[in-house]
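Colleague: Give me the fold of what follows.
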Amino acid sequence: MIPRHRILQERIKAELADARRAANKAQDAYREALRDARHESFYLDSVALNLHGFYNGIERIFEDVARELDGGLPSGPAWHRDLLKQMTLTVPGVRPAVIRLQTAKNLDEYLRFRHLVRNLYTWNFEGMKLAALIDSLPETIQSLEKDLDQFGHFLESASRADEIDGVD
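Modeller: Sure, this is the predicted structure:
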């Protein structure tokens with residue numbers, strides 16, 4: 001057995017569970033913002049923070065894959081976007097694509113929003129932008145989970161690459 005593939009697989013599962021929790025909190029906070037107009041801005045701050053956390057968790061998965069399998073992270077001022085693109089590539093002899101292009105397109109919206117969260121005051125967030133991100137979150141998570149499940153099958157197989165006829 002090749003343990004680094006199994007370890008990576010477990011780290012992906014754990015990080016995905018944390019990202020899913022952040023997404024759930026964002027959705028819950030958005031529902032509360034709609035219900036409680038008096039405290040709407042506080043709930044929307046929570047939505048923004050948790051959407052930020054959601055993408056950070058996904059990006060940590062991609063960073064782990066890049067470090068463990070691809071030989072490192074991209075560099076330069078656009079490295080976050082380059083990393084997302086890198087995850088859509090099949091690297092012959094190394095790994096399949098981690099995510100599909102459509103998943104990357106969906107995630108790019110969260111990447112751009114995360115940049116806004118880091119660089120704007122919370123009162124500058126547009127309610128419509130938050131609503132669109134919340135609305136697309138279930139589809140994005142479903143697509144991401146499907147892709148990462150497929151990638152997990154690759155890691156499972158790769159972890160057994162040194163086994164001969166079922167014997168370690």
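Colleague: residues in contact with stretch 56-73?
Modeller: Applying CB atoms under 8 Å, 6 or more residues apart in numbering, the external contacts of stretch 56-73 come out as 4, 8, 11-12, 15-16, 18-19, 22, 74, 79-80, 83-84, 86-87, 91, 94-95, 98, 107, 110-111, 114, 144, 148, 151. Glycine gets a C-beta too; all of them are placed from N, C-alpha and C.
Colleague: didn't residue 101 look like it was pressed against residue 88?
Modeller: Yes - using CB atoms under 8 Å, residue 101 makes contact with residue 88 at a distance of 5.4 Å.
Colleague: all helices of this protein, in order?
Modeller: 3-35, 40-65, 79-86, 101-119, 127-159 (DSSP state H).
Colleague: can you put these in a markdown table and add mean neighbour count and mean pLDDT?
Modeller: Below are those laid out as a markdown table (neighbours: other CB atoms under 10 Å; pLDDT from 0 to 100):
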| stretch | mean neighbour count | mean pLDDT |
| --- | --- | --- |
| helix 3-35 | 17 | 95 |
| helix 40-65 | 20 | 94 |
| helix 79-86 | 17 | 97 |
| helix 101-119 | 16 | 91 |
| helix 127-159 | 16 | 93 |
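Colleague: Tell me which residue is most central in this protein.
Modeller: residue 58 (2.1 Å; CA atoms, centre = their mean).
Colleague: pretty sure residue 110 is touching residue 53, no?
Modeller: No - under the criterion of CB under 8 Å, residue 110 makes no contact with residue 53, lying 10.4 Å away.
Colleague: joint contacts of the two?
Modeller: Counting by CB under 8 Å, 6+ apart, nothing touches both residue 110 and residue 53.
Colleague: what sits against the closest residue to residue 163 other than its chain neighbours?
Modeller: Of all residues not flanking residue 163 in the chain, residue 1 sits nearest, at 6.9 Å (CB to CB, 6 or more residues apart in numbering). Counting by CB under 8 Å, 6+ apart, residue 1 touches 159-160, 162-163, 168.
Colleague: now residue 103
Modeller: By CB under 8 Å, 6+ apart, the neighbours of residue 103 are 140, 143-144, 147.
Colleague: rerun that using 6 Å as the cut-off
Modeller: Applying CB atoms under 6 Å, 6 or more residues apart in numbering, we find residue 103 in contact with 143-144, 147.
Colleague: Also residue 116?
Modeller: Contacts of residue 116 by CB under 6 Å, 6+ apart: none found.
Colleague: That one and residue 130: what is the separation?
Modeller: 10 Å (CB to CB, to the nearest Å).
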